[in-house]
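*Asks:* Everything below, folded, please.
(2 chains)
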Amino acid sequence: MAVEVLWWLFAFLIVGTAIGVVTARTVIHSALFLLASLGGVAAMYVLLLVEFLALVQILIYGGAVAVLVLLALMLTRQAAGGEPVSLNGPQAPFAALAGIALAAVLVGAVVASSWPAAAADGPVDVPFEQISEALFEDFGATFILVSILLLVAAVGAIILARQEDAD
Amino acid sequence: MVPLENFLALSGILFAIGVYGVLARRSAVLVLMGIELMLNAVALNFVAFAAYLDPGQFAGVVIAVFIITVAAAEVGLALAIIIRYFRMQATSNVDEAAALKW
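*Replies:* Take a look at the predicted model:
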């Protein structure tokens, strides 16, 4: 079955690049791994038959967020050419322990739970029109709140990052 | 057909990797990347549940849209704060950012 093969392919891509994000030795590599990982999640949305979210994911993460992160990395770089400092703190082994324990608990819970029979039918195709109806009618108030949040965040980011001569 | 459990396990593993990134990394930008991984794992979880268990209702998909929006707002604000802090203190290391006021 082609879908299963694609699923395992993208699952390994996502997990592999996500591990790359948290273990890469340079910050730029980390950012590029993040981009690949988020692209893999977009592919997962396609496999779930929610193409709209895949497009949004690529547009926002692949475009906006990746550029923003790369820009911030370049603006906050330590003195270039210096000794490469360790990107992980001394707490890294304990963090690995916490991560592995959390993964074990989550996967164990997924395996141990019994899911409703409807889950066996596979994903249902989600048409664009019905997403927009749900977004603008059923969740209209939330949509307005989120757009206000985005506006406030954008204005706040401009005010925070602005150069101040008096400062 | 891929069973629902596969998606849930994948998103659980992705979330755990994000937790490791947030806890282990020292650079604030790298911590932010871990948070992005965690948010993506949660969105994938929501969409998987919506696609398998909730046909005809799109709450999971709509919530994923909101997660992506809030993540974008959060990245913008957090990076502005990091750049501001770097300009004042010449560091983006979260271990050194211990001052509560200056």
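*Asks:* What is the least confident helix or strand in the chain?
*Replies:* Because you didn't say which chain, this covers chain A. helix A:66-75 (a mean of 79; mean pLDDT, DSSP states H and E).
*Asks:* Chain B, not that one
*Replies:* Of the helices and strands making up chain B, the lowest-confidence element is helix B:59-89, at a mean of 87, by mean pLDDT, DSSP H and E.
*Asks:* now stretch A:22-32: mean pLDDT?
*Replies:* Mean pLDDT, stretch A:22-32: 86.
*Asks:* I'd like to check what contacts it. Which residues are they?
*Replies:* Outside stretch A:22-32, the residues that touch it by Cβ atoms under 8 Å, 6 or more residues apart in numbering or on different chains are A:20-21, A:33, A:66, A:69-70, A:73, A:77, A:84, A:87, B:17-18, B:20-21, B:24-25, B:27, B:29-30, B:33-34, B:37. The C-beta positions use only the backbone N, C-alpha and C, and glycine is treated the same way.
*Asks:* try 10 Å this time
*Replies:* Applying Cβ atoms under 10 Å, 6 or more residues apart in numbering or on different chains, the contact partners of stretch A:22-32 are A:17, A:20-21, A:33-34, A:65-67, A:69-70, A:72-74, A:76-78, A:84, A:86-88, A:92, A:95-96, A:99, B:17-25, B:27, B:29-30, B:33-34, B:37, B:92.
*Asks:* Show me how far that stretch is from its chain's centre.
*Replies:* A distance of 15 Å separates the C-alpha centroid of stretch A:22-32 from that of its chain, computed with Cα atoms, centre = their mean, to the nearest Å.
*Asks:* Go through that stretch and flag the buried ones.
*Replies:* For stretch A:22-32, the neighbour count (16 or more other Cβ atoms under 10 Å in any protein chain shown) marks A:22, A:23, A:24, A:27, A:30, A:31, A:32 as buried.
*Asks:* separation between residue A:130 and residue A:33?
*Replies:* Taking Cβ to Cβ, to the nearest Å as the measure, residue A:130 falls 35 Å from residue A:33.
*Asks:* can you list the weak-confidence ranges in chain A?
*Replies:* Within chain A, the stretches with pLDDT under 70 are A:78-85, A:118-120, A:165-167.
*Asks:* Tell me, domain by domain, which residues of it belong where.
*Replies:* According to automatic domain parsing, chain A comprises the domains A:1-77, A:127-167.
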